[in-house]
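**Q** Got a predicted structure here, sequence first:
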Number of protein chains: 2
Amino acid sequence: MTTREESIDGPDVGELTPPNRTLMGPGPSDVHPRVLRAMSTPLVGHLDPSFVEIMDEVQELLRYTFRTDNRWTIPVSGTGSAAMEAAIGNVVEPGDTMLVPTNGYFGGRMASMARRAGGEVVEVDAPWGEPLAVDDVADALAEYDPDVFGFVHAETSTGVRQPEVPALTAAAHDHDALVIADAVTSIGGVELRVDEWGVDVAYAGPQKCLSCPPGASPLTLSDEAMDKVLARAKEPRSWYLDLGLLEGYWGDERAYHHTAPITNVYAIREALRLVAEEGIEERWARHERLAGALKAGVEAMGLEMNAADEYWLPSLNAVRVPEGIDDGEVCSTLLERYDLEIASGLGDLDGEIFRIGCMGHSARPENVIYAVTALGDVLEQLGADVDPGAGVTATRRALS
Amino acid sequence: MTTREESIDGPDVGELTPPNRTLMGPGPSDVHPRVLRAMSTPLVGHLDPSFVEIMDEVQELLRYTFRTDNRWTIPVSGTGSAAMEAAIGNVVEPGDTMLVPTNGYFGGRMASMARRAGGEVVEVDAPWGEPLAVDDVADALAEYDPDVFGFVHAETSTGVRQPEVPALTAAAHDHDALVIADAVTSIGGVELRVDEWGVDVAYAGPQKCLSCPPGASPLTLSDEAMDKVLARAKEPRSWYLDLGLLEGYWGDERAYHHTAPITNVYAIREALRLVAEEGIEERWARHERLAGALKAGVEAMGLEMNAADEYWLPSLNAVRVPEGIDDGEVCSTLLERYDLEIASGLGDLDGEIFRIGCMGHSARPENVIYAVTALGDVLEQLGADVDPGAGVTATRRALS
């Protein structure tokens, strides 16, 4: 033991007092007060019989939200990227080939994870900001004969919703490829039907349309996909995300694997209860209605959406940055002056788009009206050729 | 869209009402009300300037708690096993040799992670329930010349504290091996001095002596260890836990990697503030005093500790199960009748020990007195040859 003085030198960090933001970026979204309250619930142990019951309930609620009957439906103990790596790292075996898209940031991440899992990566092309064409996917499947095909249902980096999912999965299944869908920004906000659409594996994030703090992330696998995982010749390269081991905890045995993030499980349970109370289809419709009012507002003020209407993604609205305007300055001004978070573009669309989320508890009239008003005012102040009043009027009318 | 009826069929899951447990098992421990309150704080974005400030504060508080000046000190976005895999999966490169111990459950987990990282595993032997002998470690280092040596500072499966850490690290450094320490059950509760003891990499869990809900887990690496990570010929096998990529987010650049578990970062910040307010050494001393009273009680009632006094682990007390008693029945009776969680043994000590935690906010007189009282009463009811009254008296005296 050293002297008393040392401990007196502990860092003097004050009370937690973050600013009170309105979150209209690519996630996290505003969290419902009931979910915040659930997070202050005292903990039970991760092997407590009462927690096992909570796990069952979360699995049932996740199945409802994914629209699946998959037994293999769990919250992964990490943020969305952990669920993504659990999907890819378990399904892709060394020597497997995975077909991934090039039309956004997250296809690139899929490729990196597949390579790290020991897989070969082949690509199906589409520009950033456009969806995949079914024919291009079919051609790539015929050319490369991949074991796994991954696509992004809702591209957070471009605001593109992938249409025609059943045609994509049918094409993949014609070539005996398993389909992994990135549903991070669609789950709970945009129509997603895992079973009906023939998706074999889907992963998601809790902090987008579920409006749940990040930390436990939805994942679902069909029996066929899980059969491939459990029949692997070599164990997956991550112990933490090894679904064969997690089967012992989330399956019938309930054996210790790792300590589940109990509070995050409480949170996602409450967030999913809110989904069930609202009704999943009513929730999809609400996102479309509220984001529609947002879209009407930005278009009426003179801005242009980046995605065509046929593949517009209600939960993430990619809006073109007007000529001569610095997107970073707009975002930081909105944050500083309005406590409002929206985001800039990434990758190929860096500097070209704003990304305005409309997700979960943030998909409310007060948030949408505020976002349209604040964006219009700031753009006008910075000299953009916009009509903020027309924007607010259009939003107001769309909501009434 | 399908019919209205489908959504009505959403699962009917009721309000979250877990039982009110007293947590004296191997973790999670009881969470301080201030930490629970911090978790109900509304979120800011993971790239918000105010969150960057919070990240800095958490790093500073973690350094204080680890007793290190390592720049590379972060909370990993997952539970303790994620921090463990981040350590091993980045430091161990394909072809490296890692020396791991056999004296408990977590040495085995180290071995599994090292193999998955592409490493060769060699072992230094010691029975479950005993610490490593410095001579045995030195012999194994001479025999195998490993690149990395891992040991468990506080074995949660056996209640053993590894003494003589500076001698172990010196031996490893004589053979140019980097040292990884598992500090999951010691951080914030049992003396741990990363820099002074020459530990190169240490990982920990938040839900033990820090009394923070699991979900963001401490990790620290020396510059030398981080140099090895950044100079890897092949990228680590996990994208999610790739410290080279995380460097972009936690380092100077603050670039997006994955969405940090914001609420868990709020929580660990508050839990670490409590450590700094108490003083790290005062906190170690409190754990020793409170666990000492627990130990005095169980010994006075006629039970035997599994670990010798020289390597007793205050945060996790391994108590021998008395002759003829079913440990599982004791644990389930305590849970059902007293709302008190303690745990059974694992692996080689399955059925032989109870594991009674005394960690963080659970290391309080009310918890210790309650645990000794309830354990004595239940054992007596089940026919064990114990003297509960003597146990309570010894605990009471030790606390006064």
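**A** Perfect, I can see it now. Numbering: from 1, shown residues only, chains lettered A, B, ... in the order given.
**Q** Looks like residue A:148 contacts residue A:98 (just checking).
**A** Yes - counting by C-beta atoms under 8 Å, residue A:148 does reach residue A:98; the two are 4.4 Å apart. C-beta here means a position set from N, CA and C on the backbone, and glycine is covered the same way.
**Q** Common neighbours of the two, please.
**A** Residues within reach of residue A:148 and of residue A:98 at once, by C-beta atoms under 8 Å, 6 or more residues apart in numbering or on different chains, are A:88, A:92, A:114, A:119.
**Q** Can you point out the helix or strand that includes the third one?
**A** When elements are defined using DSSP states H and E, residue A:114 is found to belong to helix A:105-116.
**Q** Can you give the contact residues for the next helix or strand after that helix?
**A** Scanning forward in sequence from helix A:105-116 by DSSP H and E, the next helix or strand is strand A:120-124. Identification of contacts with strand A:120-124 by C-beta under 8 Å, 6+ apart yields A:95-102, A:107, A:111, A:114-115, A:132, A:136-137, A:139-140, A:143-144, A:146.
**Q** Tell me the first helix or strand C-terminal of strand A:120-124.
**A** Per DSSP H and E, strand A:120-124 leads on to helix A:134-144 as the next helix or strand towards the C-terminus.
**Q** ok and that following helix relative to strand A:120-124, angle-wise?
**A** Helix A:134-144 and strand A:120-124 are oriented at 150 degrees to each other (axes from the mean of the first three to the mean of the last three C-alpha atoms, to 10 degrees).
**Q** distance between helix A:134-144 and the chain's centre?
**A** Its chain's C-alpha centre lies 26 Å from the corresponding centre of helix A:134-144 when counted by C-alpha atoms, centre = their mean, to the nearest Å.
**Q** Check which helices and strands it is in contact with.
**A** On a contact count with 3 or more C-beta pairs under 8 Å, 6 or more residues apart in numbering or on different chains; DSSP states H and E, helix A:134-144 meets strand A:97-101, strand A:120-124, strand A:148-152, helix A:165-174.
**Q** Beyond the last one, next helix or strand please.
**A** Put plainly, it is helix A:165-174. Assigned by DSSP H and E, the successor of helix A:165-174 is strand A:178-182.
**Q** and the stretch 51-200 of chain A, which residues reach chain B?
**A** Taking C-beta under 8 Å from any C-beta of the partner chain, the part of the stretch 51-200 of chain A that reaches chain B is made up of A:51, A:54, A:57, A:60-61, A:64, A:77-82, A:84-85, A:89, A:109, A:112-113, A:116-117, A:191.
**Q** Which of the helices and strands in chain A ranks last by mean pLDDT?
**A** Here the helix or strand of chain A ranked lowest by mean pLDDT, DSSP states H and E is helix A:4-8, holding a mean of 48.
**Q** How about the secondary structure of the nearest residue to residue A:261 once chain neighbours are set aside?
**A** Leaving aside its sequence neighbours, residue A:261 sits nearest to residue B:215 (C-beta to C-beta, 6 or more residues apart in numbering or on different chains; 3.9 Å). Three-state call for residue B:215 (DSSP: H, G, I helix; E, B strand; the rest coil): coil.
**Q** Going along the chain from the lengthiest helix in chain A, find the next helix or strand for me.
**A** Longest helix of chain A, by residue count under DSSP state H: helix A:280-300. Per DSSP H and E, helix A:280-300 leads on to strand A:316-320 as the next helix or strand towards the C-terminus.
**Q** Quick one: residues contacting residue A:361.
**A** Residues in contact with residue A:361 (C-beta under 8 Å, 6+ apart) are A:29-32, A:211.
**Q** hmm, back to that, elements contacting the helix holding residue A:114?
**A** For helix A:105-116, the contact count by 3+ C-beta pairs under 8 Å, 6+ apart identifies helix A:80-91, strand A:97-101, strand A:120-124, strand A:148-152, strand A:178-182 as packing neighbours.
**Q** Next, the angle helix A:80-91 makes with it.
**A** Helix A:105-116 and helix A:80-91 are oriented at 40 degrees to each other (the same axes, to 10 degrees).
**Q** Neighbours of residue A:51, how many?
**A** Per other C-beta atoms under 10 Å in any protein chain shown, the neighbour tally for residue A:51 reads 21.
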